[in-house]
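Peer 1: Using only what follows, build the 3D model:
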Amino acid sequence: MQQLFERNPQRLNMSKQTLKTGSQEDLDEILSAEQENKGLIAPANSMEVYNNTLKDFKEEVVIEGIIRQVNDLEVFVDVKGKSEGIIPREEFKEGEPIYVGSKIEVYIDKFENDDGRLVLSKQKADFLRIWKQVYESYEHGEVVRGILSRRIKGGVEVDLFGIPAFLPGSQIDLRQIPDINVMIGQEYDLKIIKINKDRRNIVVSRRVVLEEERNKQRGNVLDTLEKNQVRKGIVKNITEFGAFIDLGGVDGLLHITDMSYKRINDPKEIVQLGQEIEVVILDYNDKKERISLGIKQLHPHPWKDVSERYPEGVKVRGKIVSVTDYGAFVELESGLEGLIHVSEMSWSAHLQHPNKLFTVGQEVEAVVLKVEAENERISLGTKQLEADPWESIESELLPGAKVTGEVRSIATFGAFVEIKEGVDGLIHVSDMSWTKKIEHPSEMIKKGDKVECVVLAVDSERRRISLSMKHLEDDPWDSVENDFQVGAEIKGKIIRLIDRGAVLELVRGFEGLVPVSKLGTDYIKVPAEAFKLGDEVPAIVTDLNHSQRTIGLSAADYFKNHGDELAAWKEAHKPGMNATEKAKKKEKKEKKEKKEGKEEHKEEPKGENG
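Peer 2: This is a model prediction of the structure:
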């Protein structure tokens, strides 16, 4: 080739000119042909011949070519044996076979790119080739078949007549698809909903096709819909309150209460999204726009003949399905539950909460107490599995017998003591002490204490037992005169301060009252103005009342006989401030003086070395 240029410099100039309309490779091919044909084409006319080959072509037209070469990035195509152009490899489908020598329709995109090469397009040729078919299908609203080839941003790319089209995600189905990947590679009926020839843009929809099919089915369903009819449907959506079922273009609501006779917390326990199920038509409005469905109605009602299957007194087994403050629900069979009320769980009256005995899922045995089929109620009991401890209590506990038990609870009027499992007795506050006036049982005992007491009376019919602590010993009032005589001098400590006087603790547990006017002090409104708990008070016995069980005392009468002690007594119990308040005032004064002393020490001037 170099020799040709050397023999004819004119050809070198011609080669430069070809770069404007063709590539160097094209020029070399022409010169080579000239040499092979021994000058049949004059060197001076070779450029003209090359340019003439391009005159047969126009940009933006489709022509036929032959594949000459293939690499990883490009496919080289010979157009009518005159010019060679390139097609980007990416315009071919993935896995599509490309054979050298095979014919192919191409679109002339550009006569020259930046490298002076003919640019071709296979995709544009494919698009133009089937454009008429696409346009007619779009204009007439025809259903076309397409294969979902791959997922792309916003939807799926579809192979439509061999060219790519776009299927938006919102147009894939009537409802959201959990996994679009399962549809890739499948062929579906579609409709073209948008086209743009200049941008070679085709948008298709599967949803439109499904909606048309559903509307056709809807008419058929509504025409044949009847109450109590059994139909098949697809679970379309699941909510907290139920599931929507597609009956074929018509949706119905399957409420959670109509899914099963048994207790369920979530509709997903019964149905799953996309599942085909049988339902019964329960009801619908006049326009058949709201349809109520049921599943449990397909099965016999569990409460039918329940009284025959569960007669009163029979033992049954079941599973705890719920525990509440008032009892536990037991599932006897699917959709059939009974209630063990808290009062029927144990003969003991101290059960704090049903969850102390039962947990959800626990298998239990119980006794049928009552059946109300019309109200769908079954009353059960577990304490009836054991003998009633009150049936033999009168023969076990005779009046006067001593018993020991644990204090289980305390009320204002007394304390309940558990004598045996399921049997409690009451110690009334008046039966706790012969001598003390008790305001509240907690003054004598507390919950959890082990106490010994005496049985006073037993009433098994009313389930009551009267107990007493004070009857463990003889009544000291029978011999009160042995300890106290009217006019006798005594001393006692204050154990209670009340508005009308001070109560003193005396020997053998007796108590005596010193009226406020008899305390031997100057005038005071209430004893708390001059006395505190624990103060020792001298007094004279002024009264012994057996019927009221009271002992009257007087400190003033005592100081009539001991006048030398009165001044000191009055000084110690001045009205307006009791001993406790005096002690607090003295302590406060000492703290103040101590603090002032520290501050004076801080203010002392320092010496020269200080």
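
Peer 1: all helices of the stretch 151-300 of the chain, in order?
Peer 2: Listed in chain order, the helices of the stretch 151-300 of the chain (DSSP state H, counting those that start in this stretch) span 207-224.

Peer 1: do the stretch 301-450 of the chain as well
Peer 2: 306-309, 393-396.

Peer 1: So for residue 150, which of those sits nearest?
Peer 2: Closest approach to residue 150 among these is made by helix 306-309 (60.0 Å; Cβ to Cβ). All C-beta atoms are positioned from the backbone trio N, CA, C, and that covers glycine.

Peer 1: which residues sit against the closest one?
Peer 2: Contacts with helix 306-309, where a contact means Cβ atoms under 8 Å, 6 or more residues apart in numbering, come from 336, 371, 373, 378.

Peer 1: Around the third one, how many other residues sit close by?
Peer 2: I take that to be residue 373. 14 (other Cβ atoms under 10 Å).

Peer 1: Show the contacting residues for it.
Peer 2: Neighbour list for residue 373: 303, 306-307 [criterion: Cβ under 8 Å, 6+ apart].

Peer 1: The nearest residue to residue 310 once chain neighbours are set aside pairs with what?
Peer 2: The shortest distance from residue 310 to any non-neighbouring residue, by Cβ to Cβ, 6 or more residues apart in numbering, is to residue 368 (5.2 Å). Taking DSSP bridges as the rule, residue 368 bridges to residue 380.

Peer 1: For residue 308, see how far away residue 368 is.
Peer 2: 12 Å (Cβ to Cβ, to the nearest Å).

Peer 1: Looking at those two, which has the bigger crowd around it?
Peer 2: More crowded of residue 368 and residue 308, by other Cβ under 10 Å: residue 368, with 21 against 9.

Peer 1: Next, the contact list for that one, please.
Peer 2: Contacts for residue 368 were tallied using Cβ under 8 Å, 6+ apart; they are 310-316, 338, 378-380.

Peer 1: Would you mind listing which of those are buried?
Peer 2: 310, 316, 338, 378-380 (16 or more other Cβ atoms under 10 Å).

Peer 1: Need the max-distance pair from those.
Peer 2: It's 316 and 379 that sit farthest apart of these, by Cβ to Cβ, at 11.8 Å.

Peer 1: shared neighbours of the two, which are they?
Peer 2: In contact with both residue 316 and residue 379: 338, 368, using Cβ under 8 Å, 6+ apart.

Peer 1: residues touching residue 146, list them.
Peer 2: Applying Cβ under 8 Å, 6+ apart, the residues near residue 146 are 158-160, 165, 167, 187-188, 190, 204.

Peer 1: Let me have the contacts of helix 306-309 in JSON lines, adding distance to residue 519 as columns.
Peer 2: Converted to JSON lines, the contacts of helix 306-309 look like this (distance: Cβ to Cβ, whole Å):
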{"residue": "336", "distance to residue 519": "75"}
{"residue": "371", "distance to residue 519": "71"}
{"residue": "373", "distance to residue 519": "75"}
{"residue": "378", "distance to residue 519": "69"}
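
Peer 1: so which one among those residues has the lowest pLDDT?
Peer 2: When the contacts of helix 306-309 are compared by pLDDT, residue 373 scores lowest at 87.

Peer 1: Which among the contacts of residue 373 count as buried?
Peer 2: Buried, going by 16+ other Cβ under 10 Å: 303, 306, out of the contacts of residue 373.

Peer 1: Could you look up the SS state of residue 124?
Peer 2: Assigned state for residue 124: helix (three-state reduction, DSSP: H, G, I helix; E, B strand; the rest coil).

Peer 1: With adjacent residues omitted, what lies nearest to it?
Peer 2: residue 107 is the one closest to residue 124 (Cβ to Cβ, 6+ apart), at 3.8 Å.

Peer 1: hmm, who's touching stretch 496-512?
Peer 2: 433-437, 476, 480, 483-484, 490, 492-495, 513-516, 518-519, 526-528, 531-533, 535, 537, 539, 541, 550-553.
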